[in-house]
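> Compute the structure for the input listed below.
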Amino acid sequence: MSDAVVESSEIDDEVLRFLETKTKIRWGTDQDLFASGVVSSMFAMELVVYLESTFGIVILGPDLQMDNFRTVRAMTDLVTRLRGA
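Numbers count the residues shown, from 1 in each chain. Next up, the predicted model:
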């Protein structure tokens, strides 16, 4: 397995732990958090702060789109991309 795949898996796991702790719900990596009705746009801001502080990234401007926070997979892709920038 490549380092990128391992790293993505670890990011997925960390984000899933955070979500499960906050919402008391088990999530799938491709499950739409906002369509569930459990996660609000206000919670999305908490996700931004969490991702920035946990993964040492800065999320600005065009990256602050709801689609980047819709699923665990989308957040993992965002973190991976911003870490590589």
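> Only C-alpha atoms, please: export the helix or strand containing T21 in CSV.
Following DSSP states H and E, one finds T21 within helix 3-23. Taking C-alpha atoms only, helix 3-23 is exported to CSV below (Å, rounded to 0.1, in the frame of the first residue of the first chain):
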residue,chain,number,x,y,z
ASP,A,3,2.0,6.1,1.8
ALA,A,4,-0.8,8.3,0.3
VAL,A,5,-3.3,5.5,0.8
VAL,A,6,-2.2,4.9,4.3
GLU,A,7,-2.3,8.6,5.1
SER,A,8,-5.8,8.9,3.6
SER,A,9,-7.0,6.0,5.6
GLU,A,10,-5.6,7.6,8.8
ILE,A,11,-7.2,10.9,8.0
ASP,A,12,-10.6,9.1,7.3
ASP,A,13,-10.3,7.4,10.7
GLU,A,14,-9.4,10.5,12.6
VAL,A,15,-12.3,12.5,11.0
LEU,A,16,-14.7,9.6,11.6
ARG,A,17,-13.7,9.5,15.3
PHE,A,18,-14.3,13.3,15.6
LEU,A,19,-17.7,13.1,14.0
GLU,A,20,-18.8,10.0,16.0
THR,A,21,-17.7,11.7,19.2
LYS,A,22,-19.6,14.9,18.4
THR,A,23,-22.8,13.4,16.9
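> I'd like the average pLDDT over it.
On average, the pLDDT along helix 3-23 is 88.
> Which strands and helices lie in contact with that helix?
helix 41-55, helix 72-84 (3 or more Cβ pairs under 8 Å, 6 or more residues apart in numbering; DSSP states H and E). The C-beta positions use only the backbone N, C-alpha and C, and glycine is treated the same way.
> Make TSV out of these and add distance to K24.
Listed next are the helices and strands packed on helix 3-23 as TSV, based on distance: least, Cβ to Cβ, whole Å:
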stretch	distance to K24
helix 41-55	13
helix 72-84	16
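> looking at the ones you listed, which is buried most?
Compared across the helices and strands packed on helix 3-23, helix 72-84 shows the largest average neighbour count, a mean of 18 (mean count of other Cβ atoms under 10 Å).
> re earlier: let's have the helices and strands packed on helix 3-23 in CSV, adding mean pLDDT and distance to D32.
What follows is the helices and strands packed on helix 3-23, written out as CSV (pLDDT from 0 to 100; distance: least, Cβ to Cβ, whole Å):
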stretch, mean pLDDT, distance to D32
helix 41-55, 93, 13
helix 72-84, 96, 9
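> I'm done for today, thanks for sticking with me.
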